[in-house]
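[1] structure of the sequence below:
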Amino acid sequence: AKLKGVVNLRELPAQQPNHQHDTRMATIGNSALALLVALATVHSATAKLKDKECEVCIGVLNKVAKDVDTSDKKATEQGLRDYCKSTKIDKEGRFCYYTGASETSATTMIKAITEPLARHLPAEKVCEKLKKKDSQICELQYDVPIDLKTIKLEKQRVKVLKKILNDQFDDPCKGCLEKADYIRRIKELAKDEL
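    Numbering: from 1, shown residues only. From the prediction side, this is the model:
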C-alpha cells in the first residue's frame with residue numbers, strides 16, 4: 001500500500017551531474033593559483049636587501065671597483081684577489097674565503113662577481129645574486145666600532161686594544177710590547193675622537 005505524500009527514493013530519476021558548475025569551479029581554482037604564482041614572482045623580484053644585509057660584500061666590491069677598471073674581468077679578478085690578500089678585517093677575509101678569492105678557498109664564485117661588474121651592475125645587485133648561491137655571504141656584517149669617547153682604555157685587555165688599532169686605524173702597532181704602548185698609540189691616532 002502506498003501512502004500519500006511519501007516518496008520512494010528508488011523511483012526518482014537520477015540527477016544528471018552539472019558539468020557547467022564543475023568547469024566554473026575549476027576555472028576559478030586555476031585563476032586563483034595563477035594569481036598566487038604571479039604575486040610570489042613579483043614579490044621575489046622586488047625584494048630588496050634589508051638594512052646591513054650583505055654589508056661586507058657591498059663594501060669589498062665597492063673598494064675593489066674603486067681601484068680597478070671593472071669592465072676588464074681579469075683585472076677585476078686580480079684586484080679582488082690582491083685586496084683579499086691585504087685585508088686585515090676578519091669579516092672581509094671570510095667573504096674572500098666564501099667567494100673563492102682567498103688562497104685557502106676550496107671553491108670559487110669569482111665569475112659570479114666579475115661578469116656582473118663588467119656589465120656595470122652595482123655592487124648591491126651583484127651581492128643579491130651571490131646571496132642566492134651562498135646565503136653566508138650576506139650574513140657577514142662589519143663589527144660596530146668601539147666608541148673611544150666612552151671607553152676607558154686603561155681597563156681594557158690588550159686583545160681589545162689590538163682590535164681597536166687594527167679595525168679602526170688599520171695599524172698593527174709595531175714595536176708595542178706592553179699595554180701602555182697600545183694605549184699611547186691609540187691616543188696618538190685618535191686625537192680628534194678623544
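[2] and E92, how far is that from G175?
    According to Cβ to Cβ, to the nearest Å, E92 stands 26 Å off from G175. Quick note: C-beta positions are derived from backbone N, CA and C, even for glycine.
[3] between these two, which has more neighbouring residues?
    A direct count of neighbours by other Cβ atoms under 10 Å for E92 and G175 places E92 higher, at 21 against 7.
[4] may I see the buried residues of the helix or strand that contains the more buried one?
    In this structure, E92 sits in helix 90-99 according to DSSP states H and E. By 16 or more other Cβ atoms under 10 Å, the buried positions in helix 90-99 come out as 91-99.
[5] go on, stretch 165-172?
    165, 167-168, 171.
[6] same deal with stretch 53-63?
    For stretch 53-63, using 16+ other Cβ under 10 Å, the buried residues are 53-61, 63.
[7] turn those residues into a markdown table, including secondary structure.
    A markdown table is the format used below for the buried residues of stretch 53-63 (DSSP: H, G, I helix; E, B strand; the rest coil):
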| residue | secondary structure |
| --- | --- |
| E53 | coil |
| C54 | coil |
| E55 | helix |
| V56 | helix |
| C57 | helix |
| I58 | helix |
| G59 | helix |
| V60 | helix |
| L61 | helix |
| K63 | helix |
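[8] point to the helix or strand of the chain where mean pLDDT is at its lowest.
    helix 19-46 (a mean of 51; mean pLDDT, DSSP states H and E).
[9] now the helices: where do they sit in this protein?
    19-46, 55-67, 73-86, 90-99, 110-118, 123-133, 136-139, 158-169, 179-189 (DSSP state H).
[10] let's have those in CSV, adding distance to K152.
    Output for the helices of the chain, formatted as CSV (distance: least, Cβ to Cβ, whole Å):
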stretch, distance to K152
helix 19-46, 47
helix 55-67, 29
helix 73-86, 32
helix 90-99, 24
helix 110-118, 42
helix 123-133, 38
helix 136-139, 32
helix 158-169, 11
helix 179-189, 10
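[11] and the pLDDT at the closest residue in space to K73 that isn't next to it in sequence?
    The shortest distance from K73 to any non-neighbouring residue, by Cβ to Cβ, 6 or more residues apart in numbering, is to T114 (4.3 Å). In this model, T114 is scored at 95, pLDDT.
[12] K52 too?
    pLDDT, read off for K52, is 81.
[13] of all pairs in the buried residues of stretch 165-172, which one is the farthest apart?
    Largest separation among the buried residues of stretch 165-172 by Cβ to Cβ: D167 and D171, giving 10.0 Å.
[14] one step back: now the helix holding E92 against helix 55-67, angle please.
    80 degrees (axes from the mean of the first three to the mean of the last three Cα atoms, to 10 degrees).
[15] roughly how far out does helix 90-99 sit from the chain middle?
    Between the centre of helix 90-99 and the centre of its host chain there is 13 Å, according to Cα atoms, centre = their mean, to the nearest Å.
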